[in-house]
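> have a look at this prediction, sequence included:
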Amino acid sequence: MSHGLRSALTRLDAILIRCRRIPAALYSSKSPEKREKMEELQSSPYYTKYASKLTELQKANPAEFAKRLEEHKSVKQAVKEADKERVAHPVNIVSTVDPHKPAAAVRLQRTRLADLMKVELLTEKTAEEIAEMWRVYHKDKPGFICASMPASSYAQIQSRAATHPTFLYPLPRAAGYEFFVSQFAGAECHFTQLAAFQQRKADAPTCLSLVHLDELRDSKGLVLMRGQYDQNVVNAVQVQCLLNQLQLYYATSDPHKLHLLQQFNAHPDAFDYRDLISEVEHSFIGLT
């Protein structure tokens, strides 16, 4: 693990400890009905994010606060009806790391495209055909994942990674969220569990490694990505979730996501991990 990643994780650890100091309750009332509504609000996955704002609203406008409690119940029911299979998790920070299990890092060798495919046979192929061949090549390879992207998208990722090499991603788990940290190093990007670093420091294993192959960048306007992951830590769906988040932050035009990326790298003391959880939850809402 690089010195830069160790420094970033150490800094983030202190930030997370401070940010966990979330008010246990916003409302105190002898009314059983109001108490029930308040408990229902606090069970919402969005409560943590907006706790301070709701406290301010309660003090400034009690009537509006009571109205919000009523609205929350109807919104919660609407979300439940929109997707009955979704389970709303509380915002807990969880760990799947076994402190007694030896660390085993994923080490993806730096590969040339010629080591995997006969590049000379790709001359007459379109970018779309090559991307499909790349997908099929990795289809039945357990522990591997692949992707393809326009050269322009990779150029933007490269540019962002050069100035903001490290970032944090929440991965939904059964009991809440687990955080993973990524570190770019040239054409490679490595992920590790935050909890693994907290327990093992420099010995924390990489659980997901990515390498970008840009040999077709000029001729086809295409960059291929290959990843290898520890199947004891994450599965293919969870890896895809992490990669989707990486793309959202490093290839984004969203000013808020770019602000979070910049803030994490340049001003970590002002960074709030709950903003990332909110982004994940809001992304879900946008798809329902």
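In hand now; what should we look at?

> please make it C-alpha for all contacts and neighbour counts, starting now.
Fine.

> how about the strands in the protein?
For the chain, applying DSSP state E gives strands covering 144-150, 166-173, 176-185, 188-193, 208-213, 222-229.

> now the ones you listed as JSON lines including mean neighbour count, distance to Q262 and mean pLDDT?
Formatted as JSON lines, the strands of the chain follow (neighbours: other C-alpha atoms under 10 Å; distance: least, C-alpha to C-alpha, whole Å; pLDDT from 0 to 100):
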{"stretch": "strand 144-150", "mean neighbour count": "18", "distance to Q262": "23", "mean pLDDT": "95"}
{"stretch": "strand 166-173", "mean neighbour count": "22", "distance to Q262": "9", "mean pLDDT": "89"}
{"stretch": "strand 176-185", "mean neighbour count": "20", "distance to Q262": "14", "mean pLDDT": "90"}
{"stretch": "strand 188-193", "mean neighbour count": "22", "distance to Q262": "18", "mean pLDDT": "93"}
{"stretch": "strand 208-213", "mean neighbour count": "24", "distance to Q262": "22", "mean pLDDT": "96"}
{"stretch": "strand 222-229", "mean neighbour count": "22", "distance to Q262": "24", "mean pLDDT": "96"}
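
> tell me which of the ones you listed lies nearest to A127.
strand 222-229 (6.3 Å; C-alpha to C-alpha).

> may I have the strands that pair with the closest one, each with its orientation?
In the sheet, strand 222-229 lines up against strand 144-150 (antiparallel), strand 208-213 (antiparallel) (DSSP bridges).

> list the contacts of it.
106-108, 127, 131, 134, 143-151, 154, 207-217, 239 (C-alpha atoms under 8 Å, 6 or more residues apart in numbering).

> what's stretch 181-195 in contact with?
5, 9, 95, 97, 158, 161-162, 165-169, 178-180, 204-213.

> hmm, back to that, any idea which of the strands of the chain gets closest to H256?
Per C-alpha to C-alpha, nearest to H256 of the strands of the chain: strand 166-173, 14.6 Å.

> please convert the strands of the chain to JSON lines, extending it with distance to H267.
Below are the strands of the chain laid out as JSON lines (distance: least, C-alpha to C-alpha, whole Å):
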{"stretch": "strand 144-150", "distance to H267": "30"}
{"stretch": "strand 166-173", "distance to H267": "12"}
{"stretch": "strand 176-185", "distance to H267": "16"}
{"stretch": "strand 188-193", "distance to H267": "21"}
{"stretch": "strand 208-213", "distance to H267": "26"}
{"stretch": "strand 222-229", "distance to H267": "30"}
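
> wait, which of those is closest to L276?
strand 166-173 (6.8 Å).

> could you check the pLDDT of A155?
With respect to pLDDT, A155 scores 96.

> so how far is A162 from it?
11 Å (C-alpha to C-alpha, to the nearest Å).

> against N244, how distant is P165?
Taken as C-alpha to C-alpha, the span from P165 to N244 is 17 Å.

> beta partners for the residue nearest to F191 when sequence neighbours are not counted?
Once flanking residues are discounted, F191 sits nearest to S182: 4.4 Å by C-alpha to C-alpha, 6 or more residues apart in numbering. In this entry, S182 is beta-bridged to F167, F191, by DSSP bridges.

> quick check: S182 vs E128, distance?
Counting by C-alpha to C-alpha, the gap from S182 to E128 is 29 Å.

> again, but for A204
Separation of A204 from E128 (C-alpha to C-alpha): 38 Å.

> neighbour-wise, which of the two wins?
Under the criterion of other C-alpha atoms under 10 Å, the comparison of A204 against E128 puts A204 first, with 21 against 12.

> thought the more buried one was touching F197?
Yes - under the criterion of C-alpha atoms under 8 Å, A204 makes contact with F197 at 4.9 Å.

> ends of stretch 208-225, how far apart?
13 Å.

> ignoring the adjacent residues along the chain, who's closest to R226?
With C-alpha to C-alpha, 6+ apart, the residue lying closest to R226 is C146, at 4.5 Å.

> run through who's touching stretch 124-143.
122, 144-148, 220-222, 224, 228-231, 236.

> tell me where the stretch 51-200 of the chain has helices.
62-82, 127-138, 151-163, 194-200 (DSSP state H, counting those that start in this stretch).
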